[in-house]
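*Asks:* Quick one, what's the 3D model for this:
(2 chains)
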2 protein chains.
Amino acid sequence: MTEELPTLRLGVLGAGTVGSQVIRLLAEQGEEFAARSGARMHVGAVLVRTPNAPRNTQIAPELLTTDPAEAIDGMDIVIELIGGIEPARTHVLRALNAGISVVTGNKALLAAHGPELYAAADASGADLYYEAAVAGAVPVVYGLRESLAGDRITRVIGIVNGTTNFILDAMATRNLSYEAALKQAQELGFAEADPSADVEGLDAAAKCAILASLAFHTRVGIEDVEVEGITRITAEDMEEAAFSNRTIKLLAIAERRKNDQGVEGVSVRVHPTLIPADSPLASVDGAFNAILVEGENAGRLMFYGQGAGGTPTASAVLSDLVAAAHHRAYGGHAPRESVYAQLPLLESGENLSRFQIRLQVEDRLGVLAEVAGLFASNRVSIQALHQRDDAHDGASVITLTTHRAKEADLRALIAALEDSDSVRSVMSTLHVEGE
Amino acid sequence: MTEELPTLRLGVLGAGTVGSQVIRLLAEQGEEFAARSGARMHVGAVLVRTPNAPRNTQIAPELLTTDPAEAIDGMDIVIELIGGIEPARTHVLRALNAGISVVTGNKALLAAHGPELYAAADASGADLYYEAAVAGAVPVVYGLRESLAGDRITRVIGIVNGTTNFILDAMATRNLSYEAALKQAQELGFAEADPSADVEGLDAAAKCAILASLAFHTRVGIEDVEVEGITRITAEDMEEAAFSNRTIKLLAIAERRKNDQGVEGVSVRVHPTLIPADSPLASVDGAFNAILVEGENAGRLMFYGQGAGGTPTASAVLSDLVAAAHHRAYGGHAPRESVYAQLPLLESGENLSRFQIRLQVEDRLGVLAEVAGLFASNRVSIQALHQRDDAHDGASVITLTTHRAKEADLRALIAALEDSDSVRSVMSTLHVEGE
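*Replies:* As a prediction, this is how the structure comes out:
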């Protein structure tokens, strides 16, 4: 049967960790991919910067090219694994404009230029697939874009960055400082020499924008995401979290809800968050990713798996490739951009969240009353308060946990606390979720 | 834009818990379903047995019919929610043979007659969707059939029956006997008056067959699944599990592996299993389902969510409906049956598993040596042994855990132990996984 299958030519852009695995697997398991997609696929060209660079996988030298035209023009499907905005954007648009389907793992490109890419695909009838852009092997793009299309999603909340998860995990379980944990992550290859995209939360923000767009049928770009990274998290924060039977995770949160004026909108943010130690997200450690999706009818679903790495990411790329190849050979197409809901983005000040605030206060009578007064006058309601140690140097440290409050009110409260004579310093402010 | 959309007529077979939710949601969220599928859908007829029966949802009386022809013929898509083999099979074939796409939640029908249904769909070009047949709202059918199509799946292991999970959970956390836990499940509506399909493992076996077929591109029917239910599990088993920091779950296990002769094949089974208390499956309680999927490249993925209930199951049905409607209106089709791998089914005796065996033995010198000798002569290797209490009535209870052994050897060992003068009784034998 397989002799009669149509043959598709693939252009691969980039032959790094993921690209070389994709090429290897296509060669080793060609019969299986043909059986699953109904088409024979062979790699026609591989775009690289340095043809002579050492690689993990044997790639036939005649396939390597530095000329984008050779790797794109005339192909049936292009697999983009270069990353970053340019030249990836130019290459992907070149392919889509020519009606060539694209499979990409490029979260930055999607989060910054998704609508432009979708429009190009739509105009030419090409497919645009990007499962590998979010959470590696975990099929959450598929989940939101296709398998949950019958539900109204209310919330997506996830651990989508392995580097920061590794660092926070090391801080939590081995009492390391942030700096020591980062250094270890770098030594083990879990963090890059310049870790800023990860630790500042930008990688997670790009993924959050993609997930929010899919979940809420609304255009959300990376610029819409309120981002806070993990660089401020201290060993003391982690110790305090453990004391209250919680842990700290960097969460991407996308919610659909009504603001005070009754306007339904979307809120998207990435920030370190205190979650209960028995929450399903708390036990997600190391380089694993997990995404909770809440649907009005489905209830709470969780997707969990390896969020990065050559072979897990290659698995996602190859699954997209099977779908794109099947469409190319037999008709049908990938879902188009779905933005019918066009929900407004809520102001970040309108976010509702619980907070934990740690304060160093003067150790004298009346201080607590004054602090509590500032909470009340800023419309932030206290749910719990504790003081762990005795006063020291005329000051005590108190930890307050709030009920759900508006982020704008919280900001005004922090400013008022910082101004107060009773408060020596606001030591930390952390979001609290899942209780 | 929506005015120009094509209109599709739906026939709904069955207006029970799930069917009535599907009809309600289609009416309430029609605009959203139109936007997501690109087609307007309206329910043309609802097949019921008793038109005047009380229902959860208001269904226009003129839609109700007792005539299958009215609910099927001339429809674009038929949603089958009757359950069971007949008359569901006849109705589904009638639709598929006429080129009408079918969305079903009928695990029994799929596991018993899947190939026949697929062949009918293939011949007429209709779609066959059945996400709701396995694990309610959890999109694992989609996951295996589409979003992991780029990987070679090696193992699927899951909790796919909420009733037994509720019962085992109640036994584990509240020290109930099996009988008391079953009674409570029945009172709370988690178990039916005749619970046998659930507690005997048949419901899980049907789902296991479906998952194995999809994962291994091989036909697996319910008759191929080795099944053991939970009716033999005692409060003592549960207590013993807790003592060794484990819990007991009814697992569906589908594996691809080589037997002793080097033949690669598929092993499918459902049985109560001891798993470590910190395993991700151990914390899945109540009516939740969870499925671990292991891919050669993806590594270990987990899908988790509500496995049953009206709205979660309706969510799965409606997602399938969006896909089927899109295909009907714009071309493309659901994945066909994929059986290219045609792996043989391994004999159940060839299964490899670890076991925990509890024995009541004579309390005299030399007994342990004799028991250990029987293990050795049956090629079952002991990994751990303990005796919890002192001897009583001239007998002691010992618990042995084995290394991985062939199930055939285990059976022979049990027979030998039962024959032995040193052994008063084989109190329990349980599979052990995940350590």
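*Asks:* Can you name the residue of the stretch 1-150 of chain A nearest chain B?
*Replies:* Chain B sits closest to residue A:150 of the stretch 1-150 of chain A, with a gap of 2.7 Å, by CB to the nearest CB. (Glycine included, C-beta is placed from N, CA and C.)
*Asks:* List the buried residues for the host helix or strand of residue A:431?
*Replies:* Using DSSP states H and E, residue A:431 falls within strand A:423-432. When neighbours are counted by 16 or more other CB atoms under 10 Å in any protein chain shown, the buried residues of strand A:423-432 are found to be A:423-424, A:426-432.
*Asks:* swap in stretch A:385-404?
*Replies:* Buried positions in stretch A:385-404, judged by neighbour count with 16+ other CB under 10 Å: A:395-402.
*Asks:* average pLDDT across that stretch?
*Replies:* Stretch A:385-404 carries an average pLDDT of 89.
*Asks:* cool, stretch A:351-365 as well?
*Replies:* When pLDDT is averaged over stretch A:351-365, the result is 93.
*Asks:* Counting neighbours, which bits of that stretch end up buried?
*Replies:* Judged by neighbour count using 16+ other CB under 10 Å, the buried positions of stretch A:351-365 are A:351-362.
*Asks:* Please identify which of those is nearest to residue A:381.
*Replies:* Nearest to residue A:381 among these is residue A:354, at 9.9 Å by CB to CB.
*Asks:* how much space between that closest one and residue A:348?
*Replies:* Look at residue A:354 and residue A:348: by CB to CB, to the nearest Å, they are 16 Å apart.
*Asks:* same deal with residue A:305?
*Replies:* According to CB to CB, residue A:305 and residue A:348 sit 30 Å apart.
*Asks:* Those two - which one has more neighbours?
*Replies:* Using other CB atoms under 10 Å in any protein chain shown as the criterion, residue A:305 and residue A:348 rank with residue A:305 on top: 28 against 15.
*Asks:* any idea of the pLDDT on the residue of chain A found nearest chain B?
*Replies:* Per CB to the nearest CB, residue A:332 is where chain A lies closest to chain B, at 2.3 Å. In the predicted model, residue A:332 carries a pLDDT score of 88.
*Asks:* circling back: mind listing which of the buried residues of stretch A:351-365 are in strands?
*Replies:* Secondary structure from DSSP state E places A:352-362 of those in strands.
*Asks:* On the three-state scheme, the residue of the stretch 1-150 of chain A closest to chain B is what?
*Replies:* Taking DSSP: H, G, I helix; E, B strand; the rest coil as the rule, one finds residue A:150 in the coil state.
*Asks:* phi, psi of it?
*Replies:* With angles defined as degrees, to the nearest 10, residue A:150 shows backbone torsions of phi -90, psi 10.
*Asks:* count of residues packed around it?
*Replies:* By other CB under 10 Å, the residues close to residue A:150 number 30.
*Asks:* Surely it is in contact with residue B:317?
*Replies:* Yes. Here residue A:150 lies in contact with residue B:317, judged by CB atoms under 8 Å, at a distance of 6.9 Å.
*Asks:* returning to that earlier point: and the residue of the stretch 1-150 of chain A closest to chain B, what does it touch?
*Replies:* A:297, B:33, B:36, B:314-322 (CB atoms under 8 Å, 6 or more residues apart in numbering or on different chains).
*Asks:* picking up where we left off before, right, and the residue of chain A closest to chain B touches residue B:328 too?
*Replies:* No. Under the criterion of CB under 8 Å, residue A:332 lies out of contact with residue B:328, with a separation of 11.7 Å.
*Asks:* Common neighbours of these two, please.
*Replies:* Common neighbours of residue A:332 and residue B:328 are not found (criterion: CB under 8 Å, 6+ apart).
*Asks:* Neighbour count for these two, which is higher?
*Replies:* Looking at residue A:332 and residue B:328 with other CB under 10 Å, you find the greater number of neighbours at residue B:328, namely 23 against 17.
*Asks:* How about the secondary structure of that one?
*Replies:* For residue B:328, the reduced secondary structure class is helix; criterion used: three-state DSSP.
*Asks:* If you count contacts, what does the strand holding residue A:431 end up packed against?
*Replies:* Counting contacts by 3 or more CB pairs under 8 Å, 6 or more residues apart in numbering or on different chains; DSSP states H and E, strand A:423-432 packs against helix A:235-243, strand A:246-258, strand A:264-276, strand A:352-362, strand A:395-402, helix A:407-419.
*Asks:* Tell me which residues of the last one come out buried.
*Replies:* Under the neighbour-count criterion of 16+ other CB under 10 Å, helix A:407-419 has A:407, A:409-410, A:412-414, A:416-417 buried.
*Asks:* can you tell me which residues contact the closest residue in space to the residue of the stretch 1-150 of chain A closest to chain B that isn't next to it in sequence?
*Replies:* Nearest non-adjacent residue to residue A:150, counting by CB to CB, 6 or more residues apart in numbering or on different chains: residue B:318, 2.7 Å away. The contact partners of residue B:318, taken as CB under 8 Å, 6+ apart, are A:149-151, A:297, B:22, B:25-26, B:33.
*Asks:* cutoff 7 Å now
*Replies:* Listed by CB atoms under 7 Å, 6 or more residues apart in numbering or on different chains, the contact set of residue B:318 reads A:150-151, B:22, B:25.
*Asks:* what does residue A:412 give?
*Replies:* residue A:378.
*Asks:* per-residue confidence at it?
*Replies:* Looking at residue A:412 specifically, the model assigns a pLDDT of 97.
*Asks:* need the residues of the stretch 151-300 of chain A near chain B, please.
*Replies:* By CB under 7 Å from any CB of the partner chain, the residues of the stretch 151-300 of chain A that approach chain B are A:151-152, A:295, A:297-300.
*Asks:* Mind picking the two most distant members of these?
*Replies:* Among these, the pair separated by the greatest distance (CB to CB) is A:152 and A:300, at 14.0 Å.
*Asks:* more neighbours, the two?
*Replies:* Neighbours of residue A:152 and residue A:300, each counted by other CB under 10 Å, are more numerous for residue A:152; the result is 21 against 18.
*Asks:* Surely the more buried one touches residue A:296?
*Replies:* Yes. The pair residue A:152 and residue A:296 qualifies as a contact (CB atoms under 7 Å) at a distance of 4.4 Å.
*Asks:* Enumerate the residues of the stretch 1-150 of chain A near chain B.
*Replies:* Proximity of the stretch 1-150 of chain A to chain B is assessed by CB under 7 Å from any CB, with A:25, A:29, A:32, A:35-36, A:131, A:137-139, A:142-143, A:146-150 identified as the residues in range.
*Asks:* 6 Å instead, please
*Replies:* Contact residues (CB under 6 Å from any CB of the partner chain) of the stretch 1-150 of chain A with chain B: A:35-36, A:137, A:139, A:142-143, A:147-150.
*Asks:* In CSV: these, plus pLDDT.
*Replies:* Putting the residues of the stretch 1-150 of chain A next to chain B into CSV (pLDDT from 0 to 100) gives the following:
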residue, pLDDT
A:35, 94
A:36, 94
A:137, 93
A:139, 95
A:142, 93
A:143, 94
A:147, 88
A:148, 93
A:149, 92
A:150, 93
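*Asks:* Thanks again, I'm all set now.
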